[in-house]
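Peer 1: Sequence first, predicted model second:
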Amino acid sequence: MYIPIKGGRKMKRVFSGVQPTGNIHLGNYLGALKQFVELQEDHECIYCIVDMHAITMPQDPKELKEHILDVASLYLAVGVDPKKSIVFVQSDVPGHAELSWILTCNSYTGELSRMTQFKAKSKNQESAPTGLFTYPVLMAADILLYDTDVVPVGNDQKQHIELCRDIATRINNTRKKTFVIPEGRYLKEGARIMALDDPTQKMSKSAENIHSRISLLDDPSKIKKSIMKATTDSEGIVRFDVENKPGISNLMNIYSVLSGKSLDELEKEYDGKGYGDFKKDLVEVTVEALAPIKARYEEIRHSDELLDILRDGAERANAISVKTMKRVKENFGLGL
């Protein structure tokens, strides 16, 4: 959907969301949130805390509410501007669940069972929650509900974006044109930040080893310890080679995205230097990059402003979703 703005130009609409499952780590920031901030300058952006996705796994109600506010605060702390973007909580807009059911009725168990994230999360389980199985359909509903053009996500979500496009195309081909077909926007360098202790695995909030990740709210001493303990290799040469040197390549990705320096520039800068020098400088770059985020987070987390922003965002999001659901229901013959 294209939104007219001053001067006759048109802005594409963006939608994306983050689960409220604890402190956001560097992989989330570089893979998604950093894009959120960049896109709001020339797009109409809708950003969501996807709490309904979180309950595909057991959640403590009190902790979930706190985590929702934590993530909302981090959205704002990294630079998402509620004057330029809509920021809201998923469950505050009924259209997400309503559209999800309609899409579920137009998706197939075969395509859902091929989703690699479902396979990974249900591995070694005799039975998995149905919500975990249909999670990608709810994600498709999140996107299609807002006539989204662009979805900024990490590379690990490519399969889910393709499923969303397939479902929307299937419905468009059998009924009146109902949905805008979205495009994924994937970050190249740093889109898939790996665990610091095992660079063959994605950085994760749920990993037992706290030094496998850097969270946006970590203090400088924790950041230093995690980076200095990060797995590298015995060669000692700062060179980007994901296949043969995954550890240092992962650290180079982080350094590159946080500093703005290219991988080639980093190789030249650290030519003849060891991993120790590289890691010490990476600590400094990381602490410097995250300091203003942490300060802004502390400022807004317990403020009335935060709740006002989320309530206003839900109202604005709901106004868009109601129009979409009216069109969807008409095309499916639902309601009176």
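Peer 2: Great, that's in hand.

Peer 1: which ones are touching Ile55?
Peer 2: Leu64, Gly131 (C-beta atoms under 8 Å, 6 or more residues apart in numbering). Where you see a C-beta, it was placed from the backbone N, CA and C, and this is true even at glycine.

Peer 1: From Ser91, how far off is it?
Peer 2: The gap separating Ile55 from Ser91 is 9 Å, by C-beta to C-beta, to the nearest Å.

Peer 1: and what of Lys158?
Peer 2: For Lys158, the distance to Ser91 - C-beta to C-beta - is 26 Å.

Peer 1: Between these two, which has more neighbouring residues?
Peer 2: Between Lys158 and Ser91, counted using other C-beta atoms under 10 Å, Ser91 has the larger neighbour count: 17 against 14.

Peer 1: Tell me the secondary structure at the more buried one.
Peer 2: helix (DSSP: H, G, I helix; E, B strand; the rest coil).

Peer 1: Just the CA trace of stretch 186-205, in PDB.
Peer 2: Extracted C-alpha coordinates of stretch 186-205, given in PDB (Å, rounded to 0.1, in the frame of the first residue of the first chain):
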ATOM      1  CA  TYR A 186      17.100  -8.700   4.900                       C
ATOM      2  CA  LEU A 187      20.300  -7.200   6.300                       C
ATOM      3  CA  LYS A 188      23.400  -8.600   4.600                       C
ATOM      4  CA  GLU A 189      26.300  -8.200   7.000                       C
ATOM      5  CA  GLY A 190      25.400  -8.900  10.600                       C
ATOM      6  CA  ALA A 191      21.900 -10.100   9.800                       C
ATOM      7  CA  ARG A 192      22.600 -13.400  11.500                       C
ATOM      8  CA  ILE A 193      24.800 -12.700  14.500                       C
ATOM      9  CA  MET A 194      26.000 -15.900  16.000                       C
ATOM     10  CA  ALA A 195      26.600 -17.100  19.600                       C
ATOM     11  CA  LEU A 196      29.900 -15.800  21.000                       C
ATOM     12  CA  ASP A 197      30.700 -19.200  22.600                       C
ATOM     13  CA  ASP A 198      29.600 -21.300  19.500                       C
ATOM     14  CA  PRO A 199      29.700 -19.400  16.200                       C
ATOM     15  CA  THR A 200      27.900 -22.200  14.500                       C
ATOM     16  CA  GLN A 201      24.700 -21.400  16.400                       C
ATOM     17  CA  LYS A 202      22.600 -18.200  16.300                       C
ATOM     18  CA  MET A 203      22.800 -15.800  19.200                       C
ATOM     19  CA  SER A 204      19.900 -16.600  21.500                       C
ATOM     20  CA  LYS A 205      18.200 -15.200  24.600                       C
END
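
Peer 1: Start at 37, not 1
Peer 2: Sure, I'll start numbering at 37, so the last one becomes stretch 222-241.

Peer 1: Quick check: neighbours shared by Ile91 and Ser127?
Peer 2: Joint contacts of Ile91 and Ser127 (C-beta under 8 Å, 6+ apart) do not exist.

Peer 1: Tell me which stretches of the stretch 37-186 of the chain form strands.
Peer 2: Counting by DSSP state E, counting those that start in this stretch, one finds strands in the stretch 37-186 of the chain at the ranges 38-40, 46-54, 80-85, 121-125, 186-189.

Peer 1: Need the contact partners of the last one.
Peer 2: Residues external to strand 186-189 that are found in contact with it (C-beta under 8 Å, 6+ apart): 48-52, 67-68, 71-72, 75, 79, 179, 193, 196-197, 200, 218-223.

Peer 1: now the helix ranked longest in the chain, how far from the centre of its chain.
Peer 2: For the chain, the helix with the greatest residue count under DSSP state H is helix 340-368. In this view, helix 340-368 has its centroid 20 Å away from the chain centroid, taken as C-alpha atoms, centre = their mean, to the nearest Å.

Peer 1: That one relative to strand 46-54, how many degrees between them?
Peer 2: Using axes from the mean of the first three to the mean of the last three C-alpha atoms, to 10 degrees, the direction of helix 340-368 lies 110 degrees away from that of strand 46-54.

Peer 1: Can you point out the buried residues in helix 340-368?
Peer 2: For helix 340-368, a neighbour-count test (16 or more other C-beta atoms under 10 Å) marks 342, 345-346, 349-350, 352-353, 356-357, 360-361, 364, 367 as buried.

Peer 1: Likewise for stretch 306-321?
Peer 2: Tyr306, Tyr311, Phe314, Lys315, Asp317, Leu318, Val319, Val321.

Peer 1: sorry, back to before: just the strands of the stretch 37-186 of the chain: most buried one?
Peer 2: Mean neighbour counts were compared across these using mean count of other C-beta atoms under 10 Å; the top stretch is strand 80-85, at a mean of 26.

Peer 1: Given it, what are its sheet partners and their directions?
Peer 2: Strand 80-85 has the following strand partners under DSSP bridges: strand 46-54 (parallel), strand 121-125 (parallel).
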